[in-house]
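**Q** next comes the sequence, and after it the predicted model I'd like to discuss.
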Amino acid sequence: MKHLPCVLIVEDEPAIAELISVNLRHSGFRPVWAMDGITAQAEINAVLPDVILLDWMLPGESGLLLAKRWRAHPRSKAVPIIMLTARSEEFDRVAGLEAGADDYIAKPFSTKELIARIRAVLRRRSPEQDVAVVTLGQLGIDPATYRVTFDNQPIKLGPTEFKLLHYLMTHAERVHSRSQLLDKVWGDHVFIEERTVDVHVKRLREALGEPAAAMLETVRGAGYRITTQTH
Ligand code: CA
């Protein structure tokens with residue numbers, strides 16, 4: 001299963017939201033629509049998006065205020081924000097960027113350009129989302145194709161197990177606490193219990209099977225690590 005980047009569209013005009021959604025879906029994104037700040041906040045609390053497209057003029061709180069708040073909040077501060085606006089004056093661009101937006105696009109815009117901007121902020125914001133193939137012993141992971149192999153045999157993983165394995169493999173031999181893994185793999189742990197990590201480690205081990213699963217060690221009282229020094 002491929003992880004589709006989630007784009008939260010905060011836009012009060014259904015026709016525009018629909019147009020953006022259709023184009024995002026065609027380009028391999030998973031759009032989520034919120035028509036105001038309150039709905040958008042609920043979406044962010046439930047699942048952290050990879051990018052937020054934020055309309056400037058909204059009923060209730062303006063896009064500018066929302067951008068400021070999300071940028072200041074630990075849960076959402078690293079999520080790239082692209083402001084959408086019908087205005088195009090230099091003043092607005094500066095105000096938007098000062099509020100913490102990563103980019104700015106004026107309506108009417110071409111959906112091609114919008115998608116190019118989304119890809120650009122994702123690249124800039126996520127240098128850690130490395131697409132290089134990582135190998136550790138006989139275990140290989142390829143983030144570009146979403147493939148995991150052991151001894152050249154394919155292994156099927158769910159998206160969370162894939163992310164967890166990728167993080168552990170790119171930070172091999174080190175011990176990671178549950179809290180650190182929640183931070184790095186889940187993005188934050190405000191709404192998730194540490195026990196969740198154990199559940200996904202168990203699933204990951206089951207998916208890997210022996211002997212690969214032996215590389216994923218539990219370090220009592222400390223956390224987990226992936227290692228080639230199995231014993
Ligand atoms: Ca609007």
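**A** Yep, it's here.
**Q** what comes up buried for the lowest-mean-pLDDT helix or strand in the chain?
**A** The helix or strand of the chain with the poorest confidence is helix 90-98; it has a mean of 72 (mean pLDDT, DSSP states H and E). Under the neighbour-count criterion of 16 or more other Cβ atoms under 10 Å, helix 90-98 has Asp92, Arg93, Ala95, Gly96 buried. Every C-beta, even on glycine, is put in place using the N, C-alpha and C of the backbone.
**Q** one more: stretch 145-152?
**A** Applying 16+ other Cβ under 10 Å to stretch 145-152 flags Val148, Thr149, Phe150 as buried.
**Q** stretch 77-87 now?
**A** Within stretch 77-87, judged by 16+ other Cβ under 10 Å, the buried ones are Val79, Pro80, Ile81, Ile82, Met83, Leu84, Thr85.
**Q** stretch 161-172 too?
**A** Quick answer for stretch 161-172 (16+ other Cβ under 10 Å): Glu161, Phe162, Lys163, Leu164, Leu165, His166, Tyr167, Leu168, Met169, Thr170.
**Q** ok, stretch 210-217 next?
**A** So stretch 210-217, judged by 16+ other Cβ under 10 Å, has buried residues Ala212, Ala213, Met215, Leu216, Glu217.
**Q** kindly report the same for stretch 106-123.
**A** Across stretch 106-123, burial judged by 16+ other Cβ under 10 Å covers Leu114, Ile115, Arg117, Ile118, Val121, Leu122.
**Q** could you dump the buried residues of stretch 145-152 to a markdown table with secondary structure, distance to Gln180 and pLDDT?
**A** Putting those into a markdown table (DSSP: H, G, I helix; E, B strand; the rest coil; distance: Cβ to Cβ, whole Å; pLDDT from 0 to 100) gives the following:
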| residue | secondary structure | distance to Gln180 | pLDDT |
| --- | --- | --- | --- |
| Val148 | strand | 22 | 95 |
| Thr149 | strand | 26 | 95 |
| Phe150 | strand | 25 | 95 |
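**Q** can you tell me the element Arg25 falls in?
**A** Using DSSP states H and E, Arg25 sits within helix 14-26.
**Q** the next helix or strand after that helix near the ion anywhere?
**A** Heading C-terminal from helix 14-26, the first helix or strand you meet, by DSSP H and E, is strand 30-34. No: judged by Cβ under 5 Å from the ion, strand 30-34 makes no contact with the ion; its nearest approach is 12.3 Å.
**Q** how about residues contacting whatever helix or strand comes next after strand 30-34?
**A** Following strand 30-34 in sequence order, the next helix or strand is helix 37-46 (DSSP H and E). Contact with helix 37-46 is made by 8, 10, 32, 34, 49, 52, 54, 58, 60-61, 65-66, 70, 75-76, 79, 191, as judged by Cβ atoms under 8 Å, 6 or more residues apart in numbering.
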